[in-house]
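**Student:** With the input below, show me the fold.
(chains A and B, ligands or ions: 2)
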Amino acid sequence: MSCTDLLVVGAGIMGASVALHAARGGLRTVLVDRGPICREASGVNAGTLTLHMTRAALIPYAMEGWRLWTTTRDWLGGEIDVVATPGLCLAFTDEEAALLEARSAARRAEGAPIELVSPTEARRIEPGLSERVVLAAHCSMDGHAGAYLTGRAYRCALLEADAALCEGVTVAGIERSGSRFIALCNDGTRIEAERLVLAGGVWLEPMLAWLGVRLPIKVLVNQLAVTERCPPVMRTVVTIANGLLSLKQFANGTVLVGGGWQGRGDRERGGVELIPENIVGNLRLACWAVPQLRRTRLVRGWLGLEAETADAMPIIGPIPGIENAYLIGSVHSGYASGPYMGQLLADLILGREPERPLFPPDRLLGAVAEEALC
Amino acid sequence: MAERSFDLAVIGAGPAGMAAATSAAEAGLRTLVIDEAPRPGGQVYRAPPAEFLPQGTDADRRIGDELRTALAESGAELALDHRLWWIGEGFELAAVGPGGPHRFSARALLVATGTTERILPFPGWTTPGVIGLAAATILLKADGVVPGERVVVAGAGPLLPLVAAKAVAAGASVAAIVDLARPSDWASAVIRGRSRPDLLARGAGWLRRLAMARVPWWSARAVVNVSTTAEGLSIDTLAVNADGEPQPGTRRKIGADALCIGHGLVPSTEVTRLLGAAHVFRPEVGGWVADVDELGRTNVPHLYVAGDAAGVEGAAAAPLAGRLAALAAVHDLGRLDATHLARRSDPFVARRRGVARFGKAMAGLARLRSGLLDAATPDTIICRCEDVTRAEIDGAIDTGARDVNQLKAWTRCGMGPCQGRMCGEAVGELVGAQVGGRAQAGLWTGRAPLRPVPLEDLVGGYDYADIPIPQAAPL
Ligand SMILES: Cc1cc2nc3c(=O)[nH]c(=O)nc-3n(C[C@H](O)[C@H](O)[C@H](O)COP(=O)(O)OP(=O)(O)OC[C@H]3O[C@@H](n4cnc5c(N)ncnc54)[C@H](O)[C@@H]3O)c2cc1C
Ligand SMILES: Cc1cc2nc3c(=O)[nH]c(=O)nc-3n(C[C@H](O)[C@H](O)[C@H](O)COP(=O)(O)OP(=O)(O)OC[C@H]3O[C@@H](n4cnc5c(N)ncnc54)[C@H](O)[C@@H]3O)c2cc1C
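**Tutor:** Ligands and ions are numbered 1, 2, ... in the order given. Modelled structure (predicted):
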């Protein structure tokens, strides 16, 4: 069995981005996923490239992500139907207006090009908006991608970069052989590597357990709903102050409604079922923002699993105490910033200085250790 | 919204569902039947609108009326004109009906949703004037409408002579029947189907009518292209081999103003897929079906399938399968012991096997012929909801799509309002050809809503305060 330079476990946007940049950086790279590439969170997410829903501290990363997504031709190739368009974040009540002001200011302080605008101005930009808007925030840097196309573009780019892509192969555990890592796969193969990246999305928690690292990761079960193709009803990305709506119309006419409303599911079974009250709630919010949507039909709803750490901040960097092992995941709005986050970690692995600070998991492991001591 | 609870909910009021609900209600289960159609009957026994009713006395009408009467007297509750859009574990159901949204719950669920028509795409199949063969039976039966004055009837299976005969009876001229099967296929189907002399006699009646009208019957031929001319449709046909592969150099053209075409029926599995039941690929009964035991039990506790939804066996077998699944549910809910279950089900099992032989023989005539897809050129639309061409599908397979769901993500094929019901067979075949078969290509993941639902009906009238907005996301 030959030994590869780098093994990445999990081919979501995080793992695929790390693998792509590492392979281009000259490492012999193997990327393994138990399913097809980018068919979990990274292929079923809403594809919103908005700063209005991004955690303030992650704004600089999301802006870099936005730049990458809007220039995929230059670095990725393939077609992911990325559209750059302004974003409008709405408030319907006075409390929401106060929240919008505070949140917009915090995001602006991190560099987001967000300005408050009057309801009239918002309706000039987006004529389909309802009369009930009391305040809006405008961001010139917004847009959306066809997330379901992600795997296709990455797959071609990875193969072109000479990365080995193993789809449909489940890693069941990691063994050590000296300083090397050996992935034990369910098809009986063993993949030996000098370096290891765990990029398992919500499954990062069981993956870390292979190495004896305990780091709890919460599983969010996000619902999305899409309408049939309909005549143009909107052209911007519409969100609301508290982050519970994301709404846009794709070029093909379908309107995608999301915002993190929860369905039923778990790490073991995946998404199990939509919660109808939450679909209805999410759709009511959508129709409140863009009333014309009432005339369309709902065609499909689905679920995806999103990972969140205790402090809802990413974990990206070396795994403490295990040389040459790294992790990446739990990035809020992680699709938008994923390509950039992957590039940062690949830089670290390639021995280059990452352009921005990573998010070492030590802070969370410390807390767990202390908790265990109490 | 108040939720109403039942012991058993039956989805679909065709012969299987009607018989199942009748049996279950008679056995004392609080039973609900849901159908999106305005009247019970299903596809074969589709009841025409009330204003058409009085004259009809044909066999379908009589059997349908018997099943409808028994259902009405059984005490089962009917929720007709109900668009069922969501089913949850255990079983909760959400539907929109004439009076708005409705919620139901049931301890057991019996799926009797029948089939969907299979049409394998060929150039021009989306031209106006081309309609499904099964869809044509609906026009002819429920609405008494003839699809055109000069009609070509094409595809495979018993619906060919049925539609042609009904079209002739309704005053249309049938320019030709273009049949994928060869005479020997019909001969062996008739031999296999001799368990139902009554139905064979009906078929013979259609044939007599067609012979009298001098309708040409082109065997072992397929429609491979349709285009529009000033006179109407210009239809190209080619001879085919047993696998449906068109043979070059055998072209025959024919003109018509309507083409009714269908390549068989595919069991409707959206409910069992949504609920995560195990499925198997069984081409001899139409393709993917839930994996059920002889009584119709799936591997999901208290979830049953009966009738053509469990594999095409035909209208005569459907009520028997419905009764069997109802008995299983009555037993599984603790209202019938094992001995009585066996005693009461055994006769139905035997009878069903007999009549199913006929249905299966007929289904065999309309079996999937993969070679037919050779007629689809690169620019032929495969998914008409999303305008996805064969070239786009082949391209996605070339770049690594290895199952139908990955293909769906990469091409949008199957993402439209028909939710993959139209293109599923063609896509399964195209992917399957590259990955070692239909079983390897997989089947669409089941999703809610089960049918497209107007947002208007879902959201209703409300105030902002009525929206249960969760806690704000972290900043
Ligand atoms: C419904 C939904 C909507 C969202 N909307 C947006 C949005 O609009 N904008 C935005 O920026 N972000 C959005 N997000 C968040 C975003 O999708 C995620 O942050 C991001 O995709 C996470 O990528 P990942 O690579 O970490 O995880 P994933 O994409 O989940 O990848 C993890 C991979 O690990 C694989 N794996 C797991 N176990 C094993 C094993 N044992 N062996 C091998 N492989 C294994 C899995 O198969 C999977 O492919 C949304 C998330 C969801 C769920
Ligand atoms: C369009 C069509 C026409 C046909 N015409 C004939 C014919 O003329 N003669 C013949 O011998 N055979 C015909 N067949 C075959 C025939 O349907 C079957 O042999 C027989 O009807 C099977 O009975 P069933 O009870 O299993 O299903 P069906 O009779 O198909 O009944 C299924 C019922 O379920 C309902 N349903 C399905 N999905 C849902 C849902 N999600 N929500 C609510 N309700 C739902 C449908 O409205 C329907 O009433 C036809 C099939 C089709 C598809």
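**Student:** Identify the residues contacting the closest residue to residue A:298 other than its chain neighbours.
**Tutor:** For residue A:298, the nearest residue in space outside its immediate sequence neighbours is residue B:453; the separation is 5.0 Å by CB to CB, 6 or more residues apart in numbering or on different chains. Quick note: C-beta positions are derived from backbone N, CA and C, even for glycine. Contact criterion CB atoms under 8 Å, 6 or more residues apart in numbering or on different chains gives A:297, A:298, B:83, B:85, B:96 as the residues in contact with residue B:453.
**Student:** Tell me the one of those residues nearest residue A:154?
**Tutor:** Taking CB to CB as the measure, residue A:154 sits nearest to residue A:298 out of the contacts of residue B:453, at 29.7 Å.
**Student:** For beta bridges, what are the partners of the closest one?
**Tutor:** residue A:227, residue B:453 (DSSP bridges).
**Student:** Neighbours of it, how many?
**Tutor:** Here the count is done by other CB atoms under 10 Å in any protein chain shown, and residue A:298 has 27 residues near it.
**Student:** pLDDT at it, what is it?
**Tutor:** Reading off the per-residue confidence, residue A:298 sits at a pLDDT of 98.
**Student:** Likewise for residue B:202?
**Tutor:** The predicted structure lists residue B:202 with a pLDDT of 85.
**Student:** tell me, how many neighbours does residue B:359 end up with?
**Tutor:** 25.
**Student:** Among the contacts of residue B:453, name the buried ones.
**Tutor:** Among the contacts of residue B:453, those scoring as buried are A:297, A:298, B:83, B:85, B:96 (criterion: 16 or more other CB atoms under 10 Å in any protein chain shown).
**Student:** Just want the phi and psi numbers for the fourth one.
**Tutor:** Residue B:85 has phi and psi values of phi -120, psi -20 when expressed as degrees, to the nearest 10.
**Student:** Might you report the residue contacts of residue 251?
**Tutor:** No chain in the question, so chain A it is. Each residue near residue A:251 by CB under 8 Å, 6+ apart is listed here: A:81, A:83.
**Student:** right idea, wrong chain: chain B
**Tutor:** For residue B:251, the contact set (CB under 8 Å, 6+ apart) comprises B:236, B:237, B:238.
**Student:** Same check on residue A:235?
**Tutor:** With CB under 8 Å, 6+ apart as the criterion, the residues that contact residue A:235 are A:85, A:126, A:249.
**Student:** Report pLDDT for it.
**Tutor:** In this prediction, residue A:235 carries a pLDDT score of 96.
**Student:** so it is in which element?
**Tutor:** With elements delineated by DSSP states H and E, residue A:235 resides in a region that no helix or strand encompasses.
**Student:** Ligand 1 versus that one, what's the distance?
**Tutor:** Between residue A:235 and ligand 1 the distance is 17 Å, computed by CB to the nearest ligand atom, to the nearest Å.
**Student:** could you pull out the helices for the stretch 101-250 of chain A?
**Tutor:** Residue ranges of the helices in the stretch 101-250 of chain A, as given by DSSP state H, counting those that start in this stretch, are A:119-125, A:150-160, A:204-210.
**Student:** no wait, the stretch 251-374 of chain A
**Tutor:** Residue ranges of the helices in the stretch 251-374 of chain A, as given by DSSP H, counting those that start in this stretch, are A:276-289, A:334-349, A:362-373.
**Student:** Can you give me every residue that contacts residue A:54?
**Tutor:** Taking CB under 8 Å, 6+ apart, we find residue A:54 in contact with A:62, A:107, A:112, A:332, A:333, A:336, A:337.
**Student:** burial of the fourth one, as a residue count?
**Tutor:** Right, residue A:332. Other residues near residue A:332 come to 22 when the count uses other CB under 10 Å.
**Student:** re the thing from before, scan the contacts of residue A:54 and report the most crowded one.
**Tutor:** residue A:336 (32 neighbours).
**Student:** Isn't that residue up against residue A:66?
**Tutor:** Yes. With contact defined as CB atoms under 8 Å, residue A:336 reaches residue A:66; the gap is 6.4 Å.
**Student:** what's the overlap in contacts for the two?
**Tutor:** residue A:49.
**Student:** So residue B:364 sits against residue B:190, correct?
**Tutor:** No. Under the criterion of CB under 8 Å, residue B:364 is not in contact with residue B:190, lying 11.3 Å apart.
**Student:** neighbour-wise, which of the two wins?
**Tutor:** residue B:364 (21 against 16).
**Student:** and the more buried one, what is it in contact with?
**Tutor:** B:185, B:189, B:192, B:284.
**Student:** State the phi and psi torsions of residue B:136.
**Tutor:** Residue torsions, per degrees, to the nearest 10, at residue B:136 are phi -60, psi -30.
**Student:** who are the neighbours in contact with it?
**Tutor:** By CB under 8 Å, 6+ apart, the neighbours of residue B:136 are B:147, B:153, B:163, B:167, B:260.
**Student:** Narrow the residues you listed to those in helices?
**Tutor:** Judged by DSSP state H, the subset of the contacts of residue B:136 located in helices is B:163, B:167.
**Student:** circling back: against ligand 2, how distant is the residue nearest to residue A:298?
**Tutor:** With distances defined as CB to the nearest ligand atom, the gap from residue B:453 to ligand 2 amounts to 11 Å.
**Student:** and if you look at residue B:34?
**Tutor:** Counting by CB to the nearest ligand atom, the gap between residue B:34 and ligand 2 amounts to 6 Å.
**Student:** What is the neighbour count of that residue?
**Tutor:** A total of 25 residues lie near residue B:34 under the criterion other CB under 10 Å.
**Student:** Kind regards, and thank you for your time.
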